[in-house]
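Visitor: After the sequence you'll find the predicted model.
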Amino acid sequence: MSEAESRYVVFDMDGTLIDSMPAHAAVFATILSTRFGLPVEGSRAHYHATAGQPLDDQFRSAAASVAGGPVADLVEDFWKGVESEPVVPFPGTRDLLDELRGRGKKLFVSSSCTTGVVRAKMASAGLTGRFELLLGAEYGHPRRTKGEDHFTEIAGHLRVPRDEFNRSGVMVGDAPHDVKVALEGGLTAVGLGHTEPQRAQLSAAGADFVIDKIGKLGALLG
């Protein structure tokens, strides 16, 4: 991939920049177990399988008993539950971001966490100043989620036509949903898989490239 094809790099946050997925899955499973009596291990697996999707959609698809009712209170309980979890960047993350910025890349975060949670986590991880925008999801009205909404906002921030952003934009994420929104938005999709099964899932989802460590992204981007 050339430098021109990767001027704008959009990162997923959880599971890509910071190692938070196990803690998130535990909070998600505890809520479903407490409120609906659902098996903890099954709920953990569901969270990982649907990672990257809007959180309200994750709750609704967990079980018919959840889908039939309002989920706003479940979403609120989830964010409260993860607030106190430690925020640990994956090894090599800070060095990679500094390298990419030094090469003139414009960096962004696009997450299904709420904007407030994204900002708090990035600040706690000491990563905030490395990004042009930190974009989270909003679950009210209007609803704003990872993918098309964020890509349009980033192109507006950059003051470039959307087709130019697409040609020079890369989305990096650890979940099939990240690959899906990247490809639907016209960006190059880079999957970050920490295990062999995860990398296989990302490849099956159609990722243009798959890497096993975030530190390898620098060489991939030209």
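Guide: Received the coordinates, thanks. None of the values given here were measured: they were computed from a predicted structure. Numbering: from 1, shown residues only.

Visitor: how about the strands in the chain?
Guide: In the chain, the strands defined using DSSP state E lie at 8-11, 106-114, 133-137, 169-173, 188-192, 209-211.

Visitor: Need the ones you listed in TSV (columns: mean pLDDT and distance to A155).
Guide: C-beta: built from backbone N, CA, C; applies to glycine. Formatted as TSV, these follow (pLDDT from 0 to 100; distance: least, C-beta to C-beta, whole Å):
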stretch	mean pLDDT	distance to A155
strand 8-11	98	9
strand 106-114	93	11
strand 133-137	93	11
strand 169-173	97	8
strand 188-192	97	15
strand 209-211	97	22
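
Visitor: which stretch among those comes nearest A26?
Guide: Nearest to A26 among the strands of the chain is strand 106-114 (15.8 Å), distances taken as C-beta to C-beta.

Visitor: Note down every partner strand of the closest one and its orientation.
Guide: Strand 106-114 has its sheet partners listed here by DSSP bridges as strand 8-11 (parallel), strand 133-137 (parallel).

Visitor: Which positions within the lengthiest helix in the chain qualify as buried?
Guide: Once the chain is assigned using DSSP state H, the helix that runs over the most residues is helix 21-36. Judged by neighbour count using 16 or more other C-beta atoms under 10 Å, the buried positions of helix 21-36 are 21, 23-33.

Visitor: list the helices and strands that helix packs on?
Guide: The elements that helix 21-36 packs onto, with contact taken as 3 or more C-beta pairs under 8 Å, 6 or more residues apart in numbering; DSSP states H and E, are helix 40-49, helix 55-60, helix 64-67, helix 72-82.

Visitor: So which bits of the longest one are buried?
Guide: Yep, that's helix 72-82 we're talking about. 74-75, 77-79, 81-82.

Visitor: what's in contact with it?
Guide: Here helix 72-82 makes contact (C-beta atoms under 8 Å, 6 or more residues apart in numbering) with 20, 23-24, 27-28, 30-31, 35, 55-56, 59, 66, 113-114, 117, 139.
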